[in-house]
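*Asks:* turn this into a model:
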Amino acid sequence: MNANFEKMCRSTGGYSLPWLVRLANEAGDVNLYFVNDTQACTYGGNTYAASTFDYTPNEDQSGFGGGGTLSIEAASNNSIIQMIESYYGIRLQVIGVLLDDGTVSEIKTFQHHYGSAKWNGKQADFTFERDDRLDMTFPALVFSHYNNRGNA
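*Replies:* Numbers count the residues shown, from 1 in each chain. Model prediction:
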């Protein structure tokens, strides 16, 4: 990654690598694979369709994933619209970035589940929220029929 960091520094922020993303339904049996590039590519046995999209992860909050946004062109790809209309839960997983030499540098930190989706005739916008399940408080005692007879 050192060479990539040097390229980014020389380009003064204008350097960007194509993202490889996967959109899936809740059960994981319907998967859509996209790469933000002009040509499709194959990685891990899956073909990533060339598409135009903008993925922006939010900043981490207290060390946890902070969500993100995905705006993807949907006019020529009806499968995105069908996924939004057919499934209640949609997951986004960022697989990696496509390097200049054609290899993929994997990224395992960006996976989103909670959020909302909107679409018009041209573009689908996904807004994913931070996973707040780790902020939940749990009781010190867990009651069952063994330790709370007659009430559990």
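*Asks:* look up how far Thr69 lies from the residue nearest to Tyr88 when sequence neighbours are not counted.
*Replies:* Nearest in space to Tyr88, with sequence neighbours left out and distances taken as C-beta to C-beta, 6 or more residues apart in numbering, is Glu26 at 6.8 Å. Just so you know, the C-beta spots here come from the backbone N, C-alpha and C atoms, and that holds for glycine as well. Distance of Glu26 to Thr69, computed by C-beta to C-beta, to the nearest Å: 20 Å.
*Asks:* and if you look at Phe53?
*Replies:* For Phe53, the distance to Thr69 (C-beta to C-beta) stands at 10 Å.
*Asks:* okay, these two: which has more neighbours?
*Replies:* The neighbour count for Phe53 versus Thr69, taken as other C-beta atoms under 10 Å, is higher for Phe53 (19 against 16).
*Asks:* and that one, what are its bridge partners?
*Replies:* Phe53 forms beta bridges with Ile72, as assigned by DSSP bridges.
*Asks:* residues contacting it?
*Replies:* Contact partners of Phe53, counting by C-beta atoms under 8 Å, 6 or more residues apart in numbering, are 19, 21, 34, 36, 70-73.
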